[in-house]
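Asker: A structural model of the following input is requested.
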Amino acid sequence: MKIYTRAGDQGTTALFGGGKVAKCEIRICAYGTLDELNAVLGVARAADLPSQIDGALFQLQNQLFDLGAELASPKSKERATEFIQEEDVNSLEKLIDSFEEGLPALTSFILPGGCPTAATLHLARCVCRRAEREIVALSHEATVREMVLKYVNRTSDLLFVLARSANAAAGVDDVPWKRST
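Answerer: Numbers count the residues shown, from 1 in each chain. Coordinates of the predicted model:
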């Protein structure tokens, strides 16, 4: 089977369940950004990570793929692609709480950086926030479940905490923001 189909050569793509739309449609941008986020998480996972962080990222990568399938399905309920559920949001919150327990309290805003893994996770958090903005924009045009918005919001929180955890595991301090005057 060839990887290229030529079906998208005119700037359109097929949605799961039928129909074609322009590749610049907000729906395509939203799940495309989730794919980008997943790729950044793959870069982070290619580093020498503590096993707990790697396990959390592996779980997250799989769920982001599930979420992309839902967003690629305009009729997700009918297509049975509503994979992300309340327990997934709860699981993210438990991970956030667990990783945050061992971290020093924040006394200022921090800049993205520290060790290379933390910097990559901060980049992933920024991509996640862009995906969230695009999903919110999509929700103004089409039905998007509230659970999707909750999940993506918690994901960026988790990535922030994982970046701090990666710094801590590497023995590197978070980079405090210092107002320039």
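
Asker: just give me how far the helix or strand hosting Thr117 sits from the chain centre.
Answerer: If you go by DSSP states H and E, Thr117 is part of helix 116-139. A distance of 6 Å separates the centroid of the chain from that of helix 116-139, by C-alpha atoms, centre = their mean, to the nearest Å.

Asker: report all helices and strands that the next helix or strand after that helix contacts.
Answerer: Next helix or strand after helix 116-139 toward the C-terminus (DSSP H and E): helix 146-170. In terms of contacts (3 or more C-beta pairs under 8 Å, 6 or more residues apart in numbering; DSSP states H and E), helix 146-170 is packed against helix 51-71, helix 86-101, helix 116-139. C-beta here means a position set from N, CA and C on the backbone, and glycine is covered the same way.

Asker: and the helix holding Thr117, what's its mean pLDDT?
Answerer: Regarding helix 116-139, the rounded mean pLDDT is 97.

Asker: and it, which residues are buried?
Answerer: By 16 or more other C-beta atoms under 10 Å, the buried positions in helix 116-139 come out as 117-125, 127-132, 134-136, 138-139.

Asker: I'd like to know which helix or strand in this protein has the lowest mean pLDDT.
Answerer: helix 76-79 (a mean of 66; mean pLDDT, DSSP states H and E).
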